[in-house]
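[1] sequence isn't available, so here's the structure alone:
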């Protein structure tokens with residue numbers, strides 16, 4: 001892994017949480033990202049789950065260069081080499097996938113970007129390890145559960161796991177993942193709720209996120 005990818009990886013692992021979101025409206029994306037940043041978040045994932053994903057990612061990239069220069073931007077739900085290239089060209093520091101896809105791996109290697117593939121089975125984890133991945137997105141986390149991670153962790157030395165999917169911003173849920181051996185969790189709509197977005201409660205999002213970061217530190 002190149003030096004840039006190693007440094008970016010350290011941001012993910014030290015933060016312990018990667019908030020992820022998608023919204024059609026660019027202004028809403030900026031408001032969400034700003035609230036998260038003000039809470040202390042330095043890595044966010046913008047998911048490729050809608051028609052405005054790439055355009056809004058480009059806008060966020062411009063805003064972070066102007067106002068949030070130390071923010072790491074991850075492009076999520078990347079499943080093809082074409083998508084990977086477009087988001088890297090638009091400023092993605094990290095590519096995150098729900099699956100293992102060789103074409104995405106090739107782009108990440110060529111463009112020297114950190115890639116976090118999604119895996120669900122020991123076989124998929126093994127394939128990712130053989131491909132040189134040392135940070136895996138365990139997905140879907142709410143289906144597999146912390147007990148699955150605890151069972152497979154001894155089988156794969158040199159791999160860290162980021163639990164994603166259905167993670168709840170509660171002490172009980174977060175603690176269960178870290179006790180099982182996760183180095184971090186990704187949280188989407190359970191943190192960036194529909195009510196917060198619809199009502200523009202970005203102060204609440206900032207406060208909730210800051211509290212969550214404090215929880216993770218403990």
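    Ah, there it is. Keep in mind the model is a prediction, meaning the values are calculated, not measured.

[2] show me where this structure dips below the pLDDT cut-off.
    For the chain, the stretches with pLDDT under 70 are 1-6.

[3] which stretches in it count as strands?
    Remark: strands assigned in the chain by DSSP state E are 17-21, 43-47, 72-76, 94-96, 114-116, 118-119, 135-138, 160-164, 184-187.

[4] ok, which of these comes nearest residue 146?
    strand 160-164 (7.7 Å; Cβ to Cβ). (C-beta placed from N, C-alpha, C; glycine too.)

[5] what sits up against the closest one?
    Identification of contacts with strand 160-164 by Cβ atoms under 8 Å, 6 or more residues apart in numbering yields 12-13, 18, 20, 116, 118, 134-141, 146, 149, 153, 177, 181-186.

[6] circling back: a markdown table for the strands of the chain, including distance to residue 107?
    Putting these into a markdown table (distance: least, Cβ to Cβ, whole Å) gives the following:
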| stretch | distance to residue 107 |
| --- | --- |
| strand 17-21 | 20 |
| strand 43-47 | 17 |
| strand 72-76 | 11 |
| strand 94-96 | 7 |
| strand 114-116 | 8 |
| strand 118-119 | 16 |
| strand 135-138 | 17 |
| strand 160-164 | 20 |
| strand 184-187 | 21 |
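
[7] I'd like these laid out as JSON lines, including distance to residue 206 and mean neighbour count.
    Below are these laid out as JSON lines (distance: least, Cβ to Cβ, whole Å; neighbours: other Cβ atoms under 10 Å):
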{"stretch": "strand 17-21", "distance to residue 206": "11", "mean neighbour count": "23"}
{"stretch": "strand 43-47", "distance to residue 206": "13", "mean neighbour count": "24"}
{"stretch": "strand 72-76", "distance to residue 206": "18", "mean neighbour count": "25"}
{"stretch": "strand 94-96", "distance to residue 206": "23", "mean neighbour count": "28"}
{"stretch": "strand 114-116", "distance to residue 206": "25", "mean neighbour count": "26"}
{"stretch": "strand 118-119", "distance to residue 206": "28", "mean neighbour count": "25"}
{"stretch": "strand 135-138", "distance to residue 206": "26", "mean neighbour count": "24"}
{"stretch": "strand 160-164", "distance to residue 206": "22", "mean neighbour count": "25"}
{"stretch": "strand 184-187", "distance to residue 206": "15", "mean neighbour count": "25"}
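
[8] closest to residue 198 out of those?
    When those are ranked by proximity to residue 198 (Cβ to Cβ), strand 17-21 comes first, at 13.5 Å.

[9] now that closest one against strand 160-164, angle please.
    Orientation of strand 17-21 against strand 160-164 (axes from the mean of the first three to the mean of the last three Cα atoms, to 10 degrees) gives an angle of 40 degrees.

[10] okay, the angle between strand 17-21 and strand 43-47?
    Here strand 17-21 points in a direction 30 degrees away from that of strand 43-47 (the same axes, to 10 degrees).

[11] listing partners with orientation, what would you give for strand 17-21?
    Strand pairing for strand 17-21, determined by DSSP bridges: strand 43-47 (parallel), strand 184-187 (parallel).

[12] centre of the chain versus stretch 180-195, how much separation?
    9 Å (Cα atoms, centre = their mean, to the nearest Å).
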